[in-house]
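[1] Starting from these lines, generate the structure:
(chains A and B)
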Amino acid sequence: DTEVTQTPKHLVMGMTNKKSLKCEQHMGHRAMYWYKQKAKKPPELMFVYSYEKLSINESVPSRFSPECPNSSLLNLHLHALQPEDSALYLCASSSATSTNTGELFFGEGSRLTVL
Amino acid sequence: QKEVEQNSGPLSVPEGAIASLNCTYSDRGSQSFFWYRQYSGKSPELIMFIYSNGDKEDGRFTAQLNKASQYVSLLIRDSQPSDSATYLCAVNGIGSNYQLIWGAGTKLIIKP
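    Here you go, the predicted model:
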């Protein structure tokens, strides 16, 4: 059983829709991440929250809006996406201590298709 | 530009043999090194991490780190068809706590 849960697993949306991806972890981790992964490419970091504060935004377009309501939850709000935003969106968590932040625990991902 | 290089493969290995996956990195200040396994259509899964020079063994997996030569490798002993996956090498360094630098991954195929 994965300890990082993402919903929905699949999402199809039009370019004018507003939708949200959700992530929940029960590992007591204080760092949470959104990654984007295209086919045959490595994961690409989008956002990092550390202790519920946005720590890193990798110059992601404003049509992606992250939110961290509490230490267990992470959302990614989507609005006015483009077809090229179609990808697998991965949520991950880790300890926030400096030596452990590369030990990521990924959810199963949300596969997004933008029409 | 910090880089992590991997041979994209596919690397084909007979069942029961040792699979050897290699990774080189450009930032000499890198401190932590990770191997993730990703099955097709699934999310990455951490299988090994290594922080010090030398070997680290966990079951059939051995990670090897050589900081002087700036490479890290993953050996899989007694390879099984279930080991067929893409293996991603990732590195972070000083001042990059949350930002892993990822290799492009090596696709490993274990042939029965």
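[2] show me what contacts residue A:60?
    Taking C-beta atoms under 8 Å, 6 or more residues apart in numbering or on different chains as the contact definition, residue A:60 lies against A:46-47. In this view, the C-beta of every residue, glycine as well, is placed from N, C-alpha and C.
[3] Could you verify my assumption that residue A:74 touches residue A:34?
    Yes. In this structure residue A:74 lies within contact range of residue A:34 using C-beta atoms under 8 Å: 7.0 Å.
[4] where do the contact lists of the two overlap?
    A:23, A:66, A:91.
[5] tell me which element the last one falls in.
    The one in question is residue A:91. Taking DSSP states H and E as the definition, residue A:91 sits inside strand A:87-94.
[6] Then the second one?
    Assessed by DSSP H and E, residue A:66 sits inside strand A:64-70.
[7] Contacts only, for the residue in chain A positioned nearest to chain B.
    Scanning chain A for the residue nearest chain B gives residue A:42, at 3.6 Å (criterion: C-beta to the nearest C-beta). Contacts of residue A:42 were listed using C-beta under 8 Å, 6+ apart, and they are B:88, B:90, B:102-105.
[8] redo that, cut-off 7 Å
    By C-beta atoms under 7 Å, 6 or more residues apart in numbering or on different chains, the contact list for residue A:42 reads B:88, B:102-105.
[9] That one - nearest residue in space that isn't next to it in sequence?
    Closest residue in space to residue A:42, ignoring its immediate chain neighbours: residue B:102 at 3.6 Å, by C-beta to C-beta, 6 or more residues apart in numbering or on different chains.
[10] who touches that neighbour in this structure?
    A:42-43, B:4, B:88, B:90.
[11] What ranges in the chain fall below the confidence cut-off?
    In the absence of a named chain, this looks at chain A. A:1-2 (pLDDT under 70).
[12] let's do chain B instead
    B:94-96.
[13] Of all residues in it, which one is closest to chain A?
    Counting by C-beta to the nearest C-beta, chain B gets nearest chain A through residue B:102, at 3.6 Å.
[14] so how far is residue B:48 from that residue?
    Separation of residue B:102 from residue B:48 (C-beta to C-beta, to the nearest Å): 15 Å.
[15] Thanks a lot, see you next time.
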